[in-house]
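**Student:** Here is a sequence together with a model predicted from it:
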Amino acid sequence: MLILRWLLSVALRGKELVSLAMILVFCLWLSSLPETARKTWRVGMAGTILFPVQASLDQIRFRVGLKNEVAVLQKQNATLQAENVRLSQLALEARHMDGFEPLKPTFPSRVVSARVVSRNPIRLGGVWQIDVGSESGLQEGMAAMTPRGVVGRILGVYPGRAELQSLVDPECRIAVLSSRSRHPGIVYSPDGSQTLLEFSVTSDIKVGDSLVSWGAGGIFPKGLPVGKVVEILKTPANVLRTARIILAQDPWSAEDVAILVRPPVLQVGGGLPSEFPDSVMLGDSAKAGTTP
Amino acid sequence: MNASPLEFLRRIGWVLLALLAQTTLAPRLALFGVQPSILLAVFVLFSLKMGTLASIWTGFGVGLVLDVYIPGVPGGFALAMAILGFLGGLINEQRVHTDYFTRVILLGIACIIHDAIWFLLGRHGWAHIFEFLLASSAPSAVYTMLVGAGFFALRPPPRPERRW
């Protein structure tokens, strides 16, 4: 009894009972409506309250879903782009490697493919690192080339890597012949950027002449393409003349190189033992002696 | 009650969230056809914290949405929820200290009261009310008490203050 009196006193102090009475009357009225009126009321309430709320929730869900989908797609796009770059690189490497295939039968010895993995930015012209070393049979002095032409030579060999001295290194020299006149000269780079040909005043070398390796010194086999004469420089009267040339293979753009696994034969005049035929790309007589 | 408007809105938000859960999640939690009333569990907690007036009108609003949403005689849910809000508000935690287990039992009683009001206002008559309460309402009340026990554990009642 005490509890009931307490509840009543609490309820009467506020507006609670009035509110409750109003709600009670409303609900009783609502429940007493005929079926058609209830239906009308339900449709009206649904259209007024539920549908807008539902539409708003749907809109939020749609936008959140769209945002999540965009995030997922962006992530997928980034992944696909990275994969695309990787595949493009692989395709490029495959194309480089394919370029060696037609030349392999013409090489006088076994060929090892290598990738340039670093370039020394300090040394002009550069001594580069390639990713194969002594385990592949590389030795100091072996020639490196691409399908376009000579790149340089092996300077040092270590397990798993080797140093490659490019033709534009100021300390590199290569004896060449004019493919037209068969007159010799020496190609060098004085500063790591331009490449020059030094030849005798008596040599018949003209602009446009193609230059191939002479084979003298035993490092580079005879007949490998080296470059092309583009300009005869005007120098004071001397026994030597200079021409500016363009290398057949720009060393800076070489990514994959082929190393001719052929020990250098350091004989005066470039004479080679019979097991290493020295004339490549010169004709059938050279191909006859080619080893696979 | 002393709740700030922001706190009040936050608690209303919880009730509306429970309403959404009741219409979407509860059918998936059904065991042998018995569903828990997530809405009632949250609403009882709301009324114990917010007091009478706020609970009456919140209960009425939520019940009205249920009346529109669920086919049947309209008004039953609105009146039942409003009365529960009133009763829960009378024993709100600023006036009466109710411990954890008392709250769970109150939730079970609230379920029975809610179902009884809804049943009577739906013009089902007095004849089958006990059968309905025993067969349908009591299992649901027990399940709701179990679910509510979890909710109440998340928001434990405040420690009673010494008033001497």
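**Tutor:** That came in fine, so what should we check first?
**Student:** where does the stretch 1-150 of chain A dip in pLDDT?
**Tutor:** A:1-14, A:99-108, A:121-125 (pLDDT under 70).
**Student:** Which positions in it make contact with chain B?
**Tutor:** Contacts of the stretch 1-150 of chain A with chain B, taken as C-beta under 8 Å from any C-beta of the partner chain, map to A:7, A:10-11, A:14-16, A:19-20, A:23-24, A:26-31, A:33, A:38, A:41-42, A:45-46, A:49-50. All C-beta spots, glycine's among them, are computed from the backbone N, C-alpha and C.
**Student:** how about a cut-off of 6 Å?
**Tutor:** A:7, A:10, A:16, A:19-20, A:23, A:27, A:30-31, A:38, A:42, A:45-46, A:50 (C-beta under 6 Å from any C-beta of the partner chain).
**Student:** Please enumerate the strands of chain A.
**Tutor:** A:110-119, A:127-130, A:143-145, A:150-158, A:161-166, A:174-178, A:184-188, A:195-200, A:210-213, A:225-232, A:240-247, A:256-261 (DSSP state E).
**Student:** Tabulate the ones you listed in a markdown table, adding columns for mean neighbour count.
**Tutor:** Below are these laid out as a markdown table (neighbours: other C-beta atoms under 10 Å in any protein chain shown):
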| stretch | mean neighbour count |
| --- | --- |
| strand A:110-119 | 16 |
| strand A:127-130 | 22 |
| strand A:143-145 | 27 |
| strand A:150-158 | 22 |
| strand A:161-166 | 23 |
| strand A:174-178 | 23 |
| strand A:184-188 | 20 |
| strand A:195-200 | 20 |
| strand A:210-213 | 24 |
| strand A:225-232 | 19 |
| strand A:240-247 | 18 |
| strand A:256-261 | 23 |
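**Student:** Pipe the ones you listed into a markdown table and attach distance to B:P74 per row.
**Tutor:** Shown next, in a markdown table, are the strands of chain A (distance: least, C-beta to C-beta, whole Å):
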| stretch | distance to B:P74 |
| --- | --- |
| strand A:110-119 | 79 |
| strand A:127-130 | 84 |
| strand A:143-145 | 90 |
| strand A:150-158 | 89 |
| strand A:161-166 | 85 |
| strand A:174-178 | 100 |
| strand A:184-188 | 100 |
| strand A:195-200 | 95 |
| strand A:210-213 | 99 |
| strand A:225-232 | 95 |
| strand A:240-247 | 92 |
| strand A:256-261 | 81 |
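**Student:** just so I know, which of those lies nearest B:M145?
**Tutor:** Using C-beta to C-beta as the measure, strand A:110-119 is the one of the strands of chain A that comes nearest B:M145, at 70.9 Å.
**Student:** Report the inter-axis angle for that closest one versus strand A:150-158.
**Tutor:** Strand A:110-119 and strand A:150-158 meet at an angle of 80 degrees, taking axes from the mean of the first three to the mean of the last three C-alpha atoms, to 10 degrees as the criterion.
**Student:** Quick check: mean pLDDT of the longest helix belonging to chain B?
**Tutor:** Ranked by number of residues, the top helix in chain B under DSSP state H is helix B:100-121. On average, the pLDDT along helix B:100-121 is 90.
**Student:** With stretch A:214-228 instead?
**Tutor:** Taken as a whole, stretch A:214-228 carries a mean pLDDT of 82.
**Student:** Spell out which residues of chain B are next to chain A.
**Tutor:** B:52-53, B:56, B:60, B:68, B:73-75, B:78-79, B:82, B:86, B:90, B:121.
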